[in-house]
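Student: Just to be clear, the model below is a prediction. Sequence and coordinates:
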Amino acid sequence: MPYRDTWATCEKCGKQFIFTVEEQRRLDNLGFEVTVPSLCPDCMRAEEMSPGPHEGVVKWYDPDKGYGFIIQRSGNEIFFHRSGIGVTGPDRLRIKDGAKVSYRIEPSGKGPQAVDVVPLDEA
Ligand SMILES: [Zn+2]
């Protein structure tokens, strides 16, 4: 798919911004859908830290350590603990590196963390 720099307007603050080729490649590499974002980078970062629910990609999860990290669309990484996984049984095995997940964000003593982490069905 040929990428090109695309102008977009933020739905929230009205700022114009460029959805760059680099950004499109980065999203593709992470496994995100490459669509023009409705929010500028600043508003997206703010939105991503709202309670959610959000969608992201598991950067890594270590069942032995009992925690891992989710990459948000902005590239920001958010911690999750085993107790924040919202599925039981075999579905838990789908929480693994590169998996698309939905999650909510809750504050914790060590900063925001992802909870209700649930694997998304691949399209
Ligand atoms: Zn904005």
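Tutor: Cool, got the structure. Numbers count the residues shown, from 1 in each chain.
Student: would you list every one of the strands in this protein?
Tutor: For the chain, strands defined by DSSP state E occupy the ranges 6-9, 16-19, 54-62, 67-71, 77-81, 100-106, 113-119.
Student: Those: which one's closest to the ion?
Tutor: strand 16-19 (7.6 Å; Cβ to the ion). In short, each C-beta sits where N, CA and C put it, glycine included.
Student: ok, the closest one: who's next to it in the sheet?
Tutor: Paired strands of strand 16-19, with direction, are strand 6-9 (antiparallel) (DSSP bridges).
Student: Would you mind telling me which of the strands of the chain is nearest Gly89?
Tutor: Evaluated over these, closeness to Gly89 peaks at strand 113-119, with 12.0 Å, by Cβ to Cβ.
Student: buried sites along the closest one?
Tutor: Buried positions in strand 113-119, judged by neighbour count with 16 or more other Cβ atoms under 10 Å: 113-117, 119.
Student: Kindly report the same for stretch 81-97.
Tutor: 81, 84-86, 92, 94-95.
Student: Farthest-apart pair in those, please.
Tutor: Longest span within the buried residues of stretch 81-97, Cβ to Cβ: His81 and Arg94, 17.2 Å.
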